[in-house]
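**Q** prediction below, plus the sequence it came from.
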Amino acid sequence: MNRASILAGVDTNCEAWQADWARYRKVAVGLPADEYGWTRQDQARSPYGSMFIKFLDAGGREQSRYYPVHCDFAGGCSLWACHDGLTQRITFYSSNKPKGEDYSVKEFDRQIASGKTVLERLLLNRSVDLSHP
């Protein structure tokens, strides 16, 4: 994890992404997960990269909370969520895509856990929720 950030108040950029995340989630419901529990949707058009979705709850994916991780053409990945007037975001590097490496999906959960720990410290031990409903 290389960056954690918090924004208090309404984040119009985060709010604008809600519809996109919902579309990716809808597609991911029907995709198989890899051995680490992540689905992958490659983007053939700009912004180039891939969207990874991990469903967090047992049972049906349609009702499950989820993590949407977007990784860009250079290997940088981000996960962010806006809840109750607070936007929380973590970023991490997953690969050196320009040198031909693929994303290191097996590290996503560890990177997210590390980011949540940093965010909790920034929020003075307040609970952090990077999931989406």
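**A** Perfect, I can see it now. Residues are numbered from 1 along each chain as shown.

**Q** all contacts plus neighbour counts: C-alpha atoms, from now on.
**A** Will do.

**Q** dead centre of this structure: give me the residue that sits there.
**A** The centroid of the chain falls nearest to Val69 when counting by CA atoms, centre = their mean (2.6 Å).

**Q** could I get the CA-only coordinates of whatever helix or strand that one lives in as CSV?
**A** Here Val69, judged by DSSP states H and E, is contained in strand 66-72. Extracted in CSV, the C-alpha atoms of strand 66-72 (Å, rounded to 0.1, in the frame of the first residue of the first chain):
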residue,chain,number,x,y,z
TYR,A,66,-18.0,-6.1,-2.6
TYR,A,67,-14.7,-4.5,-3.2
PRO,A,68,-14.1,-2.8,-6.6
VAL,A,69,-10.4,-2.5,-7.3
HIS,A,70,-9.4,-0.6,-10.4
CYS,A,71,-5.9,-1.1,-11.7
ASP,A,72,-4.5,1.1,-14.4
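
**Q** that strand packs against which elements?
**A** Strand 66-72 is packed against strand 49-55, strand 76-83, with contacts defined by 3 or more CA pairs under 8 Å, 6 or more residues apart in numbering; DSSP states H and E.
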